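**Q** missing the sequence, but the structure's below:
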């Protein structure tokens, strides 16, 4: 293959597929449509990818890496553990709205039959729990958080965020509206029990 040309072809295939998957979903998008949108032949798509699943896996992994980088940057920019956790939750939800293929991989039930999707989901949950644990532990060390079981708390926060993803992402303006989002975080930080 020609040096440089192969990267351009691969990139155009990924870009076209990313857009089609985001618009029509994994199930309804075909390799023929990807090739056409990328202005390539179907055989050239198969030169770079074994299957539609392989293309989707590549896109989901790239979006996952993008999410991780953005979250890490935001967390490192904050000093206070509460601010870190707030920034983490807010940025996570906002970025997920932009990474529709990764979000689809995390959410869509019909994708569960693909082993690579299950690996991505397990890895993402594990990484998310670990990141939350680090934030919580830094808060405990600084006397900001009082937590009996950090592992369980981190897992609970991660699972709660998953449960809130769809309603928060679909509710127009919720993430932009500081009041609604801050109320949610107040429940996370302070609970609902009168003190």
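**A** Now that the structure is in, tell me what you want to look at. Predicted model, so just to flag it, every value in this text is computed and none were measured.
**Q** contacts, neighbours, all on C-alpha from now
**A** Noted.
**Q** what's around residue 47, how many residues?
**A** 12 (other C-alpha atoms under 10 Å).
**Q** so which strand or helix has it?
**A** helix 42-48 (DSSP states H and E).
**Q** this structure - how does it break down into domains?
**A** Domain ranges of the chain: 1-49, 52-190, per automatic domain parsing.
**Q** still on that earlier bit, which elements pack onto the helix or strand following the helix holding residue 47?
**A** With elements assigned by DSSP H and E, the helix or strand that comes after helix 42-48 is helix 52-77. Counting contacts by 3 or more C-alpha pairs under 8 Å, 6 or more residues apart in numbering; DSSP states H and E, helix 52-77 packs against helix 5-24, helix 81-98, helix 100-107, helix 115-141.
**Q** what residues of helix 52-77 count as buried?
**A** By neighbour count with 16 or more other C-alpha atoms under 10 Å, helix 52-77 contains the buried residues 52-53, 55-57, 59-61, 63-64, 67-68, 71, 74-75.
**Q** among these, which pair sits farthest apart?
**A** Greatest spacing in the buried residues of helix 52-77, by C-alpha to C-alpha: 52 and 75 (34.6 Å).
**Q** where does residue 182 land on pLDDT?
**A** On pLDDT, residue 182 comes in at 72.
**Q** then residue 57?
**A** You'll see residue 57 listed with a pLDDT of 92.
**Q** my guess is it contacts residue 115. True?
**A** No. The pair residue 57 / residue 115 is not scored as a contact, 10.5 Å apart, by C-alpha atoms under 8 Å.
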